[in-house]
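Novice: What follows is a predicted protein model with its sequence.
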Amino acid sequence: MSEQGATELIGDYQDEQIDLDTVSKLEHREDHSVLEAELVKGEPLYPHELTRDAVLSMYVMALFFFLSAFVPPPLHGAADPTAGTAFPPPLPDWYLLWAFGCLKAAWDIEFTIFGYHFFLMTAKVWGTLVQGMIIGLVVAVPFIDKAIGAFIDPQYGDVVNRGHERRPIEDPVRAAIGVYGIAIVIMLSIYSINANIAIYYPEINTKVLAMVTLFGPLGCALITYLFLDRRRSEGAKPLNDEERFDLYVDGIKDRRMQRIYEFKLNRCYQCGLCDDICPVRDMEGEYELNIIYNTFQNEHDGVAMWSCITCGMCTAVCPQNIEYVDYVLEQRALTTSGASS
Amino acid sequence: MAEIDKNFMTTYQKVATHDGEDEPIQIWAKDSDSYGGVGTDKLGIWGSVVAVDFDICVADGACIDACPVDVFEWIDTPEHPASDKKAIMTREPDCIVCKACEEVCPVTAVLITDPADIGTGTESAETVTEEVSAEAPSETVVEAPIAMTSDNTALFFHKPNKWLNRAKDVLNKEELPSTGIEKAKDMFKGIRKQTLDSLPRGKDYLALVDNEKCIGCTQCVYFCNFASIDMISWDLMARTSQFESKKALILEDTCTGCTLCVFACPVEAITMEAKT
Amino acid sequence: MSRTKPYSRTIPHPLFERLIVEDAMKEEKDSWKPERPHEYGYFPGCVDFMDVEVKFTHLNKGDADHASIAAASIKLLNYANIDPLVLDMNIFKCSGHDQLWQGQLEVFDALKEHNLRRLKESGIKIMTCSCAECYRTFAVDYDLPNTLGIKVEHVTQTLQGRGLKFKAPEDVTVAYHDPCRLGRMMGEFEAPRDLIQLVDGAKMVELENNKERALCCGVSSMMYCNDATKAVRRKRLDQGTDAGIDIMLGGCPKCYMHMQCMLNEERMNPEEGHHHDYEMMDLMQFLVACLEEGN
């Protein structure tokens, strides 16, 4: 074989590579690049979205016209603003029933110690304050979350936000608290219409409702906690090294391991910090290896996964504490041992 | 400074033999008076395929380090003016004719002759006369092969590593416990032997680079003593297994099948293929 | 579109890795007892295996000498009045870090089992390694503090805070390159820097990316040395030149090996134009060179 033959062979091989899907993928790398969103996939405003919105609006308008033409609502007499205490009493709209319930449930705070009588506040006052507190808590949740995160992981204080916006399934305590909050709002709403309920179901009197309002949400929270906790132990929890090792052996056969890491990786909210900092990705050139994205997509064509230099920068900056380096390790183990077993 | 006589197989006589590991080692001298045996100052040239002029050898040890298949060992030669030990080719049959020892010997006391050339009248070594070229990877396949002689030391010159030498000086002053070098050396030799036995070599074989494995490190280029390896530029293609800008290419016209590149490749991307 | 050739590259088998796999697969059933009890054990790692491999491949004409890292660590431990039991490779085996990260779990399993057995027989309480990868593997993957109750330290942590004194033979500017396994993965940034500060005459500068943001030296599990990974290494070496250093110090023999490989490749291909005018050394070698006379 002459030298020319060898070069030709190599040229053919290179052409063959080009014919395969890689280069065409590269040319459209915006399609699968997390950060290069020049050609954002999705529906364009015109003509797709405009047409769709126009059609839907016209449809709804048509419904209105139909209803008002053929099913007009009855118009009763005017309401009498001078009417006295009606029974059952007039209620606020359904979404404010919980506030009404707060006011109803409140009582005057006063107590006697050693013969001295202390009067703190009336029911009206703290019933109103409680509502403000509930709203305030809802607003404050992200800040509390961040503070807890900084407290739990103080050593990463200088790196990007390590806040713990965890999913309910990963933090059953906070999930239970959340469920408690929702349940108590619902229960307060129901409590607030105790008079109306008593009309139809006299056996459900205020006392019963009060008990349910007090203990019902606690019960819901407990159930949530137990339920989520069991789900955690089924496989969604982070494994320690011993368990992870055991899982390698039989996990590969029934692919439980995949399920675990994919679950952990789904915490990712595509902030792109790992991609920014990956030193291999950072290298200039026409063709850039998007290691993180490609491995994440399980595209183990032998480049992304094996080109990772396992330096750990991605793990260091991830705000969701995703241990990407360990993921690469597990994928390599799966590919190698899975293939050879 | 004297060099080993390149035509010794035709001009010298066979005067004695010495035991090698498997085969006896032939000893050559100008005449029977020029050979006195071990313990004198007249030793002559030892070996045929791997020939070392013991009268010139200064026991530098570079040949022992450079040999990929461990042909050499030390033998004591008291009363010899040049040095009191010499490098003897105990495992001469293992020689893969890579000529690494010939290149590194500082006093040019080593001469390697391909066994196929012995007995056919072409025993005298051919000197390489092509021009030395210090450029490395070119874009396309090179037309004429370039040769490397021992004048290329400039390529490898660098500022001497004085801090490491300082550290070594301090460490050499005392005897420190071993960390397992014996086991490493034994295993290394074992694997080398295994590789050597599994590789066909000689003029009927050519080296072949597996482009999937080649990482473009250029080590084979510098180890090939026949300058038969070149680097070709490779299209950098991400998302393929060849994300390198250059890879090795064996120039088949001058490859002698010595298998030195196989040993030099850090990722074992080179194999031997029969010539068709 | 169907592929005719698979893309995935088989794990490259540098000789060094093959030696370890072969060693791992050999069964050894004998039991061993050290001559006398020691509190500290020093694990040198595969420095000797690295030496026998690079002896013939790329670093033969360079200055790489890995075994001196181990020798230097032992000498420094003696200088600090510690008498470690050298857990040498005649009895122990490689920690298996590379095999774990390459995905070869059976090999890692075999190595782990062997080493755990030997460690139990050795009777040491504290293990010191001069290799950051071994340090992480023993502390995290073997989980020695929990399985055998042995505390694992890096040699810089062991030498820290013992009041050692060093004097550099001449003034030098040095920079410390944080190994990935010691820095990011185990969180140890300060101990090596403290040791460098103890050297009288050595001025320490920080590289542009340091501590948690340090650039990796190479490919730690010996996978896939391609242009992108080499570019990372070159960037790191360029940062050294920018900082104007005379020596770059690493904390792991792998860092040492990869940097030396690149420096050697640059020397062998001078027409490519890359040149770095400083030396690459391991921290232990540097400290030994700075030991005062009479020690």
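Specialist: Ah, there it is.
Novice: dump the residue contacts of the residue in the stretch 51-200 of chain C that chain B sits nearest to.
Specialist: Going by Cβ to the nearest Cβ, chain B is nearest to C:Met89 of the stretch 51-200 of chain C, at 2.8 Å. Quick note: C-beta positions are derived from backbone N, CA and C, even for glycine. If you count contacts by Cβ atoms under 8 Å, 6 or more residues apart in numbering or on different chains, C:Met89 has them with B:Thr179, B:Gly180, B:Lys183, B:Ala184, C:Pro44, C:Cys46, C:Asp48, C:Phe49.
Novice: Which of these fall within helices?
Specialist: Among the contacts of C:Met89, DSSP state H puts B:Lys183, B:Ala184, C:Asp48, C:Phe49 in helices.
Novice: can you put those residues in CSV and add neighbour count and distance to A:Ser57?
Specialist: Output for those, formatted as CSV (neighbours: other Cβ atoms under 10 Å in any protein chain shown; distance: Cβ to Cβ, whole Å):
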residue, neighbour count, distance to A:Ser57
B:Lys183, 20, 81
B:Ala184, 24, 79
C:Asp48, 26, 78
C:Phe49, 27, 74
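Novice: Dump these to JSON lines, plus pLDDT and distance to C:Thr147.
Specialist: Shown next, in JSON lines, are the ones in helices among the contacts of C:Met89 (pLDDT from 0 to 100; distance: Cβ to Cβ, whole Å):
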{"residue": "B:Lys183", "pLDDT": "82", "distance to C:Thr147": "26"}
{"residue": "B:Ala184", "pLDDT": "81", "distance to C:Thr147": "27"}
{"residue": "C:Asp48", "pLDDT": "85", "distance to C:Thr147": "27"}
{"residue": "C:Phe49", "pLDDT": "84", "distance to C:Thr147": "25"}
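Novice: Contact residues of the stretch 51-200 of chain C facing chain A?
Specialist: Within the stretch 51-200 of chain C, the positions lying close to chain A (Cβ under 8 Å from any Cβ of the partner chain) are C:100-106, C:140-141, C:143, C:180, C:184-185, C:187.
Novice: now the strands: where do they sit in chain C?
Specialist: C:40-43, C:85-86, C:126-129, C:151-154, C:166-176, C:199-205, C:247-250, C:279-282 (DSSP state E).
Novice: List the buried residues of stretch B:189-198.
Specialist: B:Ile191, B:Arg192, B:Thr195, B:Leu196 (16 or more other Cβ atoms under 10 Å in any protein chain shown).
Novice: With distance to chain A, secondary structure and pLDDT added, can I get these in a markdown table?
Specialist: Shown next, in a markdown table, are those (distance: Cβ to the nearest Cβ, whole Å; DSSP: H, G, I helix; E, B strand; the rest coil; pLDDT from 0 to 100):
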| residue | distance to chain A | secondary structure | pLDDT |
| --- | --- | --- | --- |
| B:Ile191 | 21 | helix | 76 |
| B:Arg192 | 26 | helix | 73 |
| B:Thr195 | 22 | helix | 74 |
| B:Leu196 | 26 | helix | 72 |
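Novice: which two in those are spaced the farthest apart?
Specialist: Across those, the longest distance by Cβ to Cβ is 9.4 Å; it joins B:Ile191 and B:Leu196.
Novice: coming back round to it: with the contacts of C:Met89 in mind, which one is nearest to chain A?
Specialist: C:Cys46 (17.5 Å).
Novice: For that closest one, give me its contacts.
Specialist: With the criterion set at Cβ under 8 Å, 6+ apart, C:Cys46 makes contact with C:Phe16, C:Ile20, C:Met89, C:Cys94, C:Pro253.
Novice: Tell me the one among those nearest to C:Ile124.
Specialist: C:Met89 (16.2 Å).
Novice: Which pLDDT value goes with residue 3?
Specialist: By default, I'm working from chain A. Predicted confidence (pLDDT) for A:Glu3: 49.
Novice: actually chain C
Specialist: C:Arg3 carries a pLDDT score of 29 in this model.
Novice: one step back: need the buried residues of stretch B:189-198 in JSON lines (columns: distance to chain C).
Specialist: Formatted as JSON lines, these follow (distance: Cβ to the nearest Cβ, whole Å):
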{"residue": "B:Ile191", "distance to chain C": "6"}
{"residue": "B:Arg192", "distance to chain C": "8"}
{"residue": "B:Thr195", "distance to chain C": "9"}
{"residue": "B:Leu196", "distance to chain C": "13"}
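Novice: low-scoring stretches of the stretch 101-250 of chain B, by residue?
Specialist: Residues of the stretch 101-250 of chain B that meet the criterion pLDDT under 70 lie in B:116, B:119-160, B:235-244.
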